[in-house]
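Engineer: Coordinates only, no sequence provided:
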């Protein structure tokens, strides 16, 4: 009597011949490696087998599992084996989705079939779209164990691409533990414009996330809602309780709706917001790059003139001005001297002096320009004092040069504060040097035991 292997092997070879066109196309279009004729060996990853386990619990699943075991036990050469196996799995997907997903993503098979699962992702996605509820049921019962996140990602991506976002939202609301920031990003990209009901479900889903997962998800949601808002952000702002989301929304809204306007018009639009949202609106404006120091200075002046900064000597105004300049303070395409000239154009005295001091502390990171030229470009008095007080405690220089600059500060209080900062920095450096010397001495005295 002939063995089952004798009968089945010709069938497998026929299957390879049937897919010969695929093989030739793959060889010409994809470029197979030189070892295409090699026999599979122990180094080729073979998935774990379980002869007694029926992956799908059905006659169909058992039949495919049997055919797969026969194929894996065959002596087909590597590429013939791969083509036959891929053809088998393509048919399996259409006939028994649960069984094939058990084989590809089940805990005992997942690693061995990783590349094959990736190659078949399009076919799997198409079948998932035809059976979304069934796949969700398997996911929600944690059928795939540690392979569950892979299946969930495939399921979620397939349904989002197919426009089944409402079904996705309903499932995820029933079991939000599956939701992560990638899921929220997909939904934000695919929910139809103006669909208030789905967007309300999305907001509930964002609120259900744990704090560690909520950051990027909230950002994606805020960006999506900024596109929904159009020219009037107030309805969203008045309905959104989360301050962080409101801030992210305003930042994105200002970029989408206002960035193309002259800076004065941008400030006017923010100033027109109801008072409770004006400070958040001002904060959103300063977090966009303005390109160069001159543009940032123009923004600061416009915000000051529009009443968005409040008291120029207050902490809020100083923080806003600092944020507006953060993008350009270390701009390597502008010389230090040009930056000093640009910063002198800030109208409000407290903000101009703060900017000059901050810039002075970054002097040694900037494009070359003689420090003395920058000092002399500023008029004697408070502006020059502010710049020098920043330079002396951060820039690298000789003790003599530092002392000469400190002597040039005219305001006694500013000079005292600058000397105090310098002393603090020098004391810290001396302490670090002593600790290094102590560590070096300790290392030198260490003797290995015999």
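Structural biologist: Received it, and whenever you're ready, just let me know what you need. Note that the coordinates shown come from a computational prediction; the quantities given were computed from them, not determined experimentally. Numbers count the residues shown, from 1 in each chain.

Engineer: From residue 246, how far out is residue 354?
Structural biologist: 27 Å (Cβ to Cβ, to the nearest Å). Using the backbone N, CA and C atoms, a C-beta is placed for each residue, glycine as well.

Engineer: for residue 180, same thing?
Structural biologist: From residue 180 to residue 246 the distance is 23 Å (Cβ to Cβ).

Engineer: Looking at these two, which is more packed in?
Structural biologist: Comparing residue 180 with residue 246 by other Cβ atoms under 10 Å, the one with more neighbours is residue 246, at 23 against 17.

Engineer: list the buried ones in the one helix or strand the more buried one maps to?
Structural biologist: Residue 246 is part of helix 243-253 when elements are defined by DSSP states H and E. Buried positions in helix 243-253, judged by neighbour count with 16 or more other Cβ atoms under 10 Å: 245, 246, 247, 248, 249, 250, 251, 252, 253.

Engineer: swap in stretch 206-216?
Structural biologist: 206, 209, 213, 214.

Engineer: cool, and stretch 164-173?
Structural biologist: Buried, per 16+ other Cβ under 10 Å, within stretch 164-173: 164, 165, 168, 169, 171, 172.

Engineer: State the mean pLDDT of that stretch.
Structural biologist: Mean pLDDT, stretch 164-173: 95.

Engineer: Can you check which helix is longest in this protein?
Structural biologist: helix 412-444 (DSSP state H).

Engineer: Was I right to think residue 345 contacts residue 296?
Structural biologist: No - using Cβ atoms under 8 Å, residue 345 is not in contact with residue 296; the gap is 10.5 Å.

Engineer: Compare neighbour counts for the two and give me the winner.
Structural biologist: residue 296 (27 against 13).

Engineer: Excluding chain neighbours, what is closest to that one?
Structural biologist: Once flanking residues are discounted, residue 296 sits nearest to residue 290: 4.4 Å by Cβ to Cβ, 6 or more residues apart in numbering.

Engineer: Looks to me like that neighbour is in a helix.
Structural biologist: No - residue state for residue 290 (DSSP: H, G, I helix; E, B strand; the rest coil) corresponds to coil; a helix is not indicated.

Engineer: and after the helix or strand harbouring residue 391, which helix or strand comes next?
Structural biologist: For residue 391, the element it lies in under DSSP H and E is helix 382-394. Remark: after helix 382-394, the chain's next helix or strand is helix 399-408, criterion DSSP H and E.

Engineer: What is the distance between that next one and the centre of its chain?
Structural biologist: Helix 399-408 sits 46 Å away from the centroid of its parent chain (Cα atoms, centre = their mean, to the nearest Å).

Engineer: Name the residues that touch that helix?
Structural biologist: 375, 384, 388, 391, 392, 397, 415, 418, 419, 422 (Cβ atoms under 8 Å, 6 or more residues apart in numbering).

Engineer: tilt between it and helix 382-394?
Structural biologist: With axes from the mean of the first three to the mean of the last three Cα atoms, to 10 degrees defining the directions, helix 399-408 sits at 150 degrees from helix 382-394.

Engineer: shift numbering so it begins at 823
Structural biologist: Taking 823 as the first residue, the last one we looked at is helix 1221-1230.

Engineer: Buried ones in helix 1221-1230, by neighbour count?
Structural biologist: Going by 16+ other Cβ under 10 Å, helix 1221-1230 has these buried residues: 1224, 1227, 1228.

Engineer: Which residue in the buried residues of stretch 1028-1038 has the weakest pLDDT?
Structural biologist: For the buried residues of stretch 1028-1038, the least confident entry is residue 1035, with 73.

Engineer: Next one: the residue lying closest to residue 1204 once chain neighbours are set aside from residue 896, what distance?
Structural biologist: Nearest residue to residue 1204, sequence neighbours excluded (Cβ to Cβ, 6+ apart): residue 1175, at 5.8 Å. Going from residue 1175 to residue 896 by Cβ to Cβ gives 82 Å.

Engineer: With neighbour numbers in mind, choose between the two.
Structural biologist: residue 1175 (22 against 17).

Engineer: contacting residues for that one?
Structural biologist: With Cβ under 8 Å, 6+ apart, residue 1175 has these contacts: 1204, 1205, 1208.

Engineer: Same check on residue 1038?
Structural biologist: 1003, 1006, 1007 are the contacts of residue 1038 under Cβ under 8 Å, 6+ apart.
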